[in-house]
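In: Make a model of this:
(chains A and B)
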Amino acid sequence: MADDRDRDGTEVAVAEFHKKIKEAFEVFDHESNSTVDVREVGTIIRSLGCCPSEGELHDLIAEVEEEEPTGYIRFEKFLPVMTEVLLERRYRPIPEDILLRAFEVLDPAKRGFLTKGELIKYMTEEGEPFSQEEMEEMLSAAIDPETNSINYKDYITMMVIDEN
Amino acid sequence: MGCGTSSATEDKKSEKALKAALVIQNWYRGYRARLKTRQRYALTIFQSIEYADEQGQLQLSKFFSFMLENYTRVQEKEPGLVTRLFGSSIQDKDRQDYLGLLEVPDSYCGPRLQFPLTFTDIDLLIEAFKQQQILHAYYVLEVLFETKRVLQQMPNFTHTRTSPSKEITICGDLHGKLDDLFLIFYKNGLPSASNPYVFNGDFVDRGKNSMEILMILFVSFLVYPNDLHLNRGNHEDFMMNMRYGFTKEILHKYKMRSVLMPPIPMDGDCAEKKNKLGTTSLLGIRTSGSFSEQLTKQEWEQVVDILWSDPRGKRGCYPNTNRGGGCYFGPDVTAKILNKYHLKMLVRSHECKPDGYEICHDGKVITIFSASNYYEEGSNRGAYIRMSYGTTPRFFQYQITRATCFRPLYQRVNAIESSAIRMLKERMISRKTDLTRAFQLQDRNKSGKLSMGQWAFSMENVLGLNLPWRSLSSHLVTTDKDGNIDYMSGFQDVHIQKPVKEVQSTLIETVYRYRSDLQIIFNIIDSDHSGLISMEEFRCMWKLFKSHYSVHIDDSQFDELAERMDLNKDGSIDFNEFLKAFYVVHKFDKLNKSDNKLA
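Out: Numbering: from 1, shown residues only, chains lettered A, B, ... in the order given. From the prediction side, this is the model:
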């Protein structure tokens, strides 16, 4: 499947990627002048199906920023970088089963759930910690108010359904 | 802390935990970003459709101008009609003419205002409106007349002084959302000599308490005329009100059979007194620049430019194609004007912003919007500004939430997304014939399929909506594994209810598409608000409408439709019944929400 189609279809693929990227960019281009606030670039990249870590995102932004950062990212700089990312299929999203295993690692006793306190501790102290806003948002959807815990299997299933 | 082996295990465990946390965080951030994007897309849909409707509104205004210009020809064919529409200009009726006909009965337990008004009346109104009471028409009229009198004495430009100890608060569009106004007063205090306010237009339409907002603002203005400033927005216009809900609100709240009101000001024949509510009389008093006052064409264009324009990043000044009126102006235009008049910044409203405000043009233009959840529950915040000479403006944001709304983000996003997609599908179905033709033109092999690019192109062209079609396609059509789109699948789960089987789809679609415009026109013709117009007037109106909007439908078809719908009551047609019969059915609706929302 991959190679032949890729060779023939690359031009077409690039053209379609360009249009997709443009659409995603324009939605955040409030003044319609081909720039977006640098703080929204992460959202745009992720909306195109990529899942860079915060560190990877930081590097990407450095690539698309002006030499003297202005707080705005121009489309002309964003497009080629993003096209490469899509063509190379970088920062692929996490498959459902890997996500499940990650939760299971944090739940060695295999209870099937994490308490609210445990979730907060891991998300705000480990890895690339959540901001308060991110933490609150995750809690509001994930935590069952009666048990004050997250049944991670159900949670994942729910999120996956919602996305599709 | 234990021997070497166990600390190595500890390390390995914490390394695994770190990696697991990273996985979850990474996934969550991606998911959250996609949610926010979906929210943004939904807003874009709402906004595009709103602006397209505004275009329709301006087109309707032009239609009336067209009729005015073709007055003589129309007059020959339908003398009665024209007199009804354009009679003599508003008779500037005496206050007593109106008030003399009304009486506040003893049984009325709503708020009673006392003239001259004082701050107690402001409190009184606010308390009453919190209890959902309705202000009696007598007081409404008194307030309107008095406001008109005072406003007419004031110049077009107001100058006000501020200082760090006397800041001024600027609010944007309220659009009948009373809860937002209450919240602003709660957070920021009631208007007074030491707490001045500017309200930047669009007080009415869309929300369900336009009247209450207007009354609070006008009464506050009358009590503090030098400290409460009201600016006009594009919704302070009687034709906008007919489309966007204020007129409907008045008709609904003030349907008092026992009240005697003279007919609408546009009707020259004021000797007639009927037992119905002349709603436009309430509006005609406070509007200027519509048919009520004679503005020259150039003056009217200036008014439209002021009330409809939007700032954009592109330099220069060019037509505002989204809205169909006013212009887009760039940062160079702003800089030039501000410099010329020695001004520091422009604070304007008119555009809904997700955060309630937005700053552009290098900090020289602020857009302030005070109606939270404008399109839909969860769509945007509202905001207001406090500023004074010598300080930087401070922004205060809020969002009205009801108990159910402390829902997680994904549920809120789902809600506005479904609402937006629904609206979009209704647009699509109302242009089904045109869309199908455009698709088929590109589908050379008659395969029923188009590439994404071809489909997106036709959608944008025919619907005239600048939307991210590729991203939205998954909600609208089915795509096969090669990425090609089954273009007719977009029409699968929606259809317009056919009031009569035999009539052609194109006619049904057209009436559905223009139903808001038709309703406005009919309402204007129906000067006694009986809901009925004569069959002759109905036909004549349709003919004029047809020619102005270049609609190609056989007259005989339209006649047949009207006849078959059997809404004829002694030579008159009940136009509300007529228009209500055209609505969209969504196949997968649990509650059959019929699209009867006509403005």
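
In: ok, A:Leu106 touching B:Ala20?
Out: Yes: counting by CB atoms under 8 Å, B:Ala20 is a contact partner of A:Leu106 at 5.4 Å. No exception for glycine: its C-beta is placed from N, CA and C like everyone else's.

In: what residues are shared contacts of these two?
Out: Residues touching both A:Leu106 and B:Ala20 by CB atoms under 8 Å, 6 or more residues apart in numbering or on different chains: A:Tyr122.

In: So for those two, which residue has more residues nearby?
Out: The residue with more neighbours, out of A:Leu106 and B:Ala20, is B:Ala20; 22 against 19, by other CB atoms under 10 Å in any protein chain shown.

In: And the more buried one, how close does it get to B:Ala8?
Out: Note on B:Ala20: its distance to B:Ala8, by CB to CB, to the nearest Å, is 19 Å.

In: Let me see the ranges of the helices in the stretch 201-350 of chain B.
Out: For the stretch 201-350 of chain B, applying DSSP state H, counting those that start in this stretch gives helices covering B:210-223, B:238-244, B:246-253, B:279-286, B:297-308, B:331-340.

In: and stretch B:183-201, average pLDDT?
Out: The average pLDDT within stretch B:183-201 is 94.

In: ranges for the helices of the stretch 451-599 of chain B?
Out: B:452-463, B:469-476, B:505-513, B:515-525, B:535-548, B:555-564, B:575-580.

In: Please pull out the lowest mean pLDDT helix or strand from the chain.
Out: Unless you meant another one, I'm taking chain A. helix A:2-27 (a mean of 76; mean pLDDT, DSSP states H and E).

In: not what I meant, chain B
Out: Across the helices and strands of chain B, the lowest-confidence element by mean pLDDT, DSSP H and E is helix B:279-286, at a mean of 25.

In: And the helices of the stretch 451-599 of chain B: which comes nearest chain A?
Out: Evaluated over the helices of the stretch 451-599 of chain B, closeness to chain A peaks at helix B:469-476, with 5.4 Å, by CB to the nearest CB.

In: tell me what the closest one is packed against?
Out: Judged by 3 or more CB pairs under 8 Å, 6 or more residues apart in numbering or on different chains; DSSP states H and E, the packing partners of helix B:469-476 are helix A:2-27, helix B:4-69, helix B:409-430, helix B:452-463.

In: can I get the ones you listed in TSV with distance to A:Cys50?
Out: Output for those, formatted as TSV (distance: least, CB to CB, whole Å):
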stretch	distance to A:Cys50
helix A:2-27	11
helix B:4-69	8
helix B:409-430	20
helix B:452-463	20
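
In: Nearest to A:Arg39, out of those?
Out: Closest approach to A:Arg39 among the helices and strands packed on helix B:469-476 is made by helix B:4-69 (11.7 Å; CB to CB).

In: Would you map out the domains in chain A?
Out: Listed by the TED database, the domain ranges of chain A are A:2-88, A:96-159.

In: which one of the helices and strands packed on helix B:469-476 lies closest to B:Leu113?
Out: The minimum distance between B:Leu113 and the helices and strands packed on helix B:469-476 falls on helix B:4-69, with 33.5 Å, by CB to CB.

In: Now chain B against chain A: closest residue?
Out: Chain A sits closest to B:Gly313 of chain B, with a gap of 2.3 Å, by CB to the nearest CB.

In: Pretty sure that residue sits against A:Tyr72.
Out: No: if you go by CB under 8 Å, B:Gly313 and A:Tyr72 don't touch, sitting 10.1 Å apart.

In: Just the terminal-to-terminal distance for stretch B:227-240.
Out: One end of stretch B:227-240 sits 28 Å from the other (CA to CA, to the nearest Å).

In: tell me the average confidence for it?
Out: For stretch B:227-240, the per-residue pLDDT averages 87.

In: how about the residues of the stretch 251-400 of chain B near chain A?
Out: Counting by CB under 8 Å from any CB of the partner chain, the positions of the stretch 251-400 of chain B adjacent to chain A are B:Pro311, B:Arg312, B:Gly313, B:Lys314, B:Glu358, B:Cys360.

In: can I get those in CSV with distance to B:Trp455?
Out: Shown next, in CSV, are these (distance: CB to CB, whole Å):
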residue, distance to B:Trp455
B:Pro311, 33
B:Arg312, 28
B:Gly313, 29
B:Lys314, 28
B:Glu358, 32
B:Cys360, 33
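
In: which of those residues are buried?
Out: Buried members of these, counted by 16 or more other CB atoms under 10 Å in any protein chain shown: B:Pro311, B:Arg312, B:Gly313, B:Glu358, B:Cys360.

In: Can I get the helices of the stretch 451-599 of chain B in TSV including distance to A:Thr35?
Out: Output for these, formatted as TSV (distance: least, CB to CB, whole Å):
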stretch	distance to A:Thr35
helix B:452-463	23
helix B:469-476	20
helix B:505-513	36
helix B:515-525	36
helix B:535-548	41
helix B:555-564	50
helix B:575-580	45
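
In: As JSON lines, these with distance to A:Met123, mean neighbour count and mean pLDDT would be great.
Out: Shown next, in JSON lines, are the helices of the stretch 451-599 of chain B (distance: least, CB to CB, whole Å; neighbours: other CB atoms under 10 Å in any protein chain shown; pLDDT from 0 to 100):
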{"stretch": "helix B:452-463", "distance to A:Met123": "38", "mean neighbour count": "19", "mean pLDDT": "93"}
{"stretch": "helix B:469-476", "distance to A:Met123": "29", "mean neighbour count": "18", "mean pLDDT": "91"}
{"stretch": "helix B:505-513", "distance to A:Met123": "50", "mean neighbour count": "19", "mean pLDDT": "84"}
{"stretch": "helix B:515-525", "distance to A:Met123": "49", "mean neighbour count": "21", "mean pLDDT": "80"}
{"stretch": "helix B:535-548", "distance to A:Met123": "60", "mean neighbour count": "18", "mean pLDDT": "79"}
{"stretch": "helix B:555-564", "distance to A:Met123": "62", "mean neighbour count": "15", "mean pLDDT": "77"}
{"stretch": "helix B:575-580", "distance to A:Met123": "53", "mean neighbour count": "18", "mean pLDDT": "78"}
